[in-house]
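*Asks:* please find the sequence and the predicted model below.
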Amino acid sequence: MPLKKIRVLVVDDSAIVRKIFSEELSKFPDIEVIGTAPDPFVARDKIVNLKPEVITLDIEMPRMDGLTFLGKLMRYYPLPVIIVSALTQKGGEMTLEALDIGAVDVIGKPGGSYSVENMSVQLAEKIRGASRVKMTKKDGTDTSETLKAEPVKALSQTSNKIIAIGASTGGTEALKKVLVRMPVNSPGVVVVQHMPAKFTTSFAERLNELCQIKVKEAENNDSVTPGTALIAPGNFHMILRRSGARYYVEIKDGPLVHHQRPAVDVLFKSTAKYVGPNAIGVILTGMGSDGAEGLLEMKKAGARTVGQDEKTCVVYGMPKEAVKLGAVDKEVSLDRVTDEIIRMV
């Protein structure tokens, strides 16, 4: 029986990008680029005629920008869309808007230390994840209940615990829902969300505006303190360290782990080593198995662990692998994750 291929349409105004994506994706036996389009008007016709299962979409294009096109697509013909964006601050801000509108994932265009080879492996993984997402029609605006969610009441006393969270596909919305409910005196939080360089800066800034706790993109040697969440910067691993009573993070380069940098496993394994039973590990929606082994190490070191359940995951990949390893103490729906974390604290 022939292998069923995921049908992909590449939408980008750059002929070079269309060529690179087509050539690179053709190397994967389970992916087929069925067409390319230089702008949304051509893309619209090809979507109707070719019926792709996943679209890669550039944000900045002539005739109609990617955000406008994405809004129309989500309203009338929802398909899993992976945003392809320049690794810039503006690109990061526009990408977050695209994720709010309904895009399922994001990848940066190759450049600098981010090679075409790295990009192609990550893009293939994201396409596989996106192909599993069940899309529903949206009105083009952010319909999440995040801003209506009641924050958890402040803890009666400050804890010396550390909360480590990992997420990937669908994780930007999931993290928003979890962190916005964290009480102002919650334990220190460290987060790995699979995102390209530059994008995590905009992501952290947006969360900081919404949350009671302080949220910032982590910098090398930042202390992990109560009431603060540190987001691993894109294209760098984040390792938790301890010096006496002080916990801090090390931001470093290094090989991709599970095709990712930052990788959840890198954070979780260091948390297991340095925090042990004072840690709480949380694994949220995402494609692949990153974080499963690290969460198991955390559990073996005495940490309590939480996994997002299948029903509320955009992609039930990372939590599923963690459950299969026996690394998850409690599986809960997304809207119960914060409550469960605080209960464990």
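*Replies:* Perfect, thanks for sending it.
*Asks:* any idea which element residue 181 lies in?
*Replies:* According to DSSP states H and E, residue 181 maps onto no helix or strand at all.
*Asks:* what sits closest to it if chain neighbours are left out?
*Replies:* Closest residue in space to residue 181, ignoring its immediate chain neighbours: residue 338 at 4.1 Å, by C-beta to C-beta, 6 or more residues apart in numbering. C-beta here means a position set from N, CA and C on the backbone, and glycine is covered the same way.
*Asks:* name the SS class of that neighbour, please.
*Replies:* Secondary structure state of residue 338, per DSSP: H, G, I helix; E, B strand; the rest coil, is helix.
*Asks:* that one contacts residue 176, correct?
*Replies:* No: with contact defined as C-beta atoms under 8 Å, residue 338 does not count as touching residue 176 (11.2 Å).
*Asks:* which stretches of this structure form helices?
*Replies:* Under the criterion DSSP state H, the chain contains helices at 15-25, 40-50, 66-76, 89-101, 116-130, 171-179, 199-210, 264-274, 292-300, 318-324, 337-344.
*Asks:* now do the last one and helix 171-179, the angle between them.
*Replies:* With axes from the mean of the first three to the mean of the last three C-alpha atoms, to 10 degrees applied, the angle from helix 337-344 to helix 171-179 works out at 50 degrees.
*Asks:* off-centre distance for helix 337-344?
*Replies:* Averaged C-alpha coordinates place helix 337-344 at 21 Å from its chain's average position (C-alpha atoms, centre = their mean, to the nearest Å).
*Asks:* ok, now the third one?
*Replies:* Centroid displacement of helix 66-76 relative to its chain, using C-alpha atoms, centre = their mean, is 21 Å.
*Asks:* helices or strands up against that helix?
*Replies:* helix 40-50, strand 54-58, strand 81-85, helix 89-101 (3 or more C-beta pairs under 8 Å, 6 or more residues apart in numbering; DSSP states H and E).
*Asks:* of all those, which one is nearest residue 264?
*Replies:* Closest approach to residue 264 among the helices and strands packed on helix 66-76 is made by helix 89-101 (18.8 Å; C-beta to C-beta).
*Asks:* what lies in contact with the closest one?
*Replies:* Among residues not part of helix 89-101, those counted as contacts by C-beta atoms under 8 Å, 6 or more residues apart in numbering are 57, 59-60, 66-67, 70-71, 74, 81, 83, 85, 103, 106, 108, 138, 140-142, 172-173, 198-203, 206.
*Asks:* would you mind measuring from the closest residue in space to residue 199 that isn't next to it in sequence to residue 211?
*Replies:* Spatial nearest neighbour of residue 199, excluding adjacent residues (C-beta to C-beta, 6+ apart): residue 92 at 4.1 Å. The gap separating residue 92 from residue 211 is 18 Å, by C-beta to C-beta, to the nearest Å.
*Asks:* next one: the residue nearest to residue 199 from residue 106, what distance?
*Replies:* Counting by C-beta to C-beta, the gap from residue 92 to residue 106 is 9 Å.
*Asks:* who touches both of the two?
*Replies:* Joint contacts of residue 92 and residue 106 (C-beta under 8 Å, 6+ apart) are 85, 199.
*Asks:* dump the residue contacts of residue 107.
*Replies:* If you count contacts by C-beta under 8 Å, 6+ apart, residue 107 has them with 56, 82-85, 119, 122-123, 126, 196.
*Asks:* now swap in residue 56 and tell me
*Replies:* By C-beta under 8 Å, 6+ apart, the contact set of residue 56 is 8-12, 21, 81-82, 84, 107, 123, 127.
*Asks:* can I get these in a markdown table with pLDDT?
*Replies:* Below are these laid out as a markdown table (pLDDT from 0 to 100):
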| residue | pLDDT |
| --- | --- |
| 8 | 98 |
| 9 | 98 |
| 10 | 97 |
| 11 | 96 |
| 12 | 94 |
| 21 | 93 |
| 81 | 97 |
| 82 | 96 |
| 84 | 89 |
| 107 | 89 |
| 123 | 92 |
| 127 | 95 |
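*Asks:* closest one to residue 229 out of those residues, please.
*Replies:* Nearest to residue 229 among the contacts of residue 56, counting by C-beta to C-beta, is residue 107 at 23.9 Å.
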